[in-house]
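Student: Build the 3D model from these lines:
(2 chains)
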Amino acid sequence: GNSVTQMEGPVTLSEEAFLTINCTYTATGYPSLFWYVQYPGEGLQLLLKATKADDKGSNKGFEATYRKETTSFHLEKGSVQVSDSAVYFCAQGSSNTGKLIFGQGTTLQVKP
Amino acid sequence: DSGVTQTPKHLITATGQRVTLRCSPRSGDLSVYWYQQSLDQGLQFLIQYYNGEERAKGNILERFSAQQFPDLHSELNLSSLELGDSALYFCASSVGQGSYYNEQFFGPGTRLTVL
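Tutor: A predicted model of the protein is given here:
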């Protein structure tokens, strides 16, 4: 079945470091891909999305490119801040229903 | 604030009991989704309703049921509760049915503890 796999966490970085969180997916067809962020004590918020191959989603300095050939959607940010500390979820969705399949989440901790 | 409200925020109950979780979607959103977040299973899709009709079903147990009312709020009913049902239950809403162009907005969740 369809699935999403994220790199194991937690990831601990110093402020201004470069961030990469790996995400790969398995799917029949071509799903849409998402990154959601969950801050402590809150619900999930959509960070960025891409709906077709080679699309690049970006928001708040974060970027991810939909790579069909490697079935990947890695999240990157050039310079992380303490305020980026959160849990990041990669997800895939279908066109005809709203069902989202999430990865297991990656905890990011950024130290000053 | 996403505009999605969930009540109660916390719920503590005993095994074998039944509880009801409530969700009010954002104004104008027709789809409501329920997700379960637990340490061992991660974040799992349970069920989707669109304008009162069931639209998609995930790994929802037979002991669980949901409905969406004419005013579009939704309730998730959990019965014969087991320890393993302890989790954070999220509701989300979106304007349309599919995921491609319909951002899902998540509520703050209801934390259920079964003792």
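Student: Across the sheet, point out what pairs with the residue sitting nearest the centre point of chain B.
Tutor: Centroid-nearest residue in chain B: B:Trp34, 2.9 Å away (criterion: C-alpha atoms, centre = their mean). Taking DSSP bridges, one finds B:Ile47, B:Cys91 as the beta-bridge partners of B:Trp34.
Student: Make sure it is actually in contact with B:Gln44.
Tutor: No: the pair B:Trp34 / B:Gln44 is not scored as a contact, 9.7 Å apart, by C-beta atoms under 8 Å. The way it works is simple: take the backbone N, C-alpha and C, and place the C-beta from them, glycine included.
Student: Chain A contacts on chain B?
Tutor: B:2, B:4, B:31, B:33, B:35, B:42-45, B:48, B:50, B:55-56, B:58, B:90, B:92, B:94, B:96-109 (C-beta under 8 Å from any C-beta of the partner chain).
Student: The chain: strands as residue ranges?
Tutor: Just going to use chain A. Per DSSP state E, chain A carries strands over the ranges A:3-6, A:11-14, A:19-21, A:23-26, A:32-38, A:44-50, A:56-59, A:62-65, A:75-77, A:86-93, A:100-102, A:106-111.
Student: That was the other one, I meant chain B.
Tutor: Going by DSSP E, chain B shows strands at B:5-7, B:10-13, B:19-24, B:31-38, B:42-50, B:53-57, B:64-68, B:74-78, B:87-94, B:105-106, B:110-114.
Student: Tabulate the ones you listed (a markdown table), appending mean pLDDT.
Tutor: Below are the strands of chain B laid out as a markdown table (pLDDT from 0 to 100):
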| stretch | mean pLDDT |
| --- | --- |
| strand B:5-7 | 97 |
| strand B:10-13 | 97 |
| strand B:19-24 | 98 |
| strand B:31-38 | 95 |
| strand B:42-50 | 93 |
| strand B:53-57 | 93 |
| strand B:64-68 | 97 |
| strand B:74-78 | 98 |
| strand B:87-94 | 95 |
| strand B:105-106 | 92 |
| strand B:110-114 | 97 |
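Student: Near chain B, which residues of chain A? Just list them.
Tutor: A:32, A:34, A:36, A:41-46, A:49, A:51, A:89, A:93-105.
Student: Now which of the residues of chain B next to chain A would you call buried?
Tutor: Buried members of the residues of chain B next to chain A, counted by 16 or more other C-beta atoms under 10 Å in any protein chain shown: B:2, B:4, B:31, B:33, B:35, B:43-45, B:48, B:50, B:55-56, B:58, B:90, B:92, B:94, B:97-99, B:102, B:104-109.
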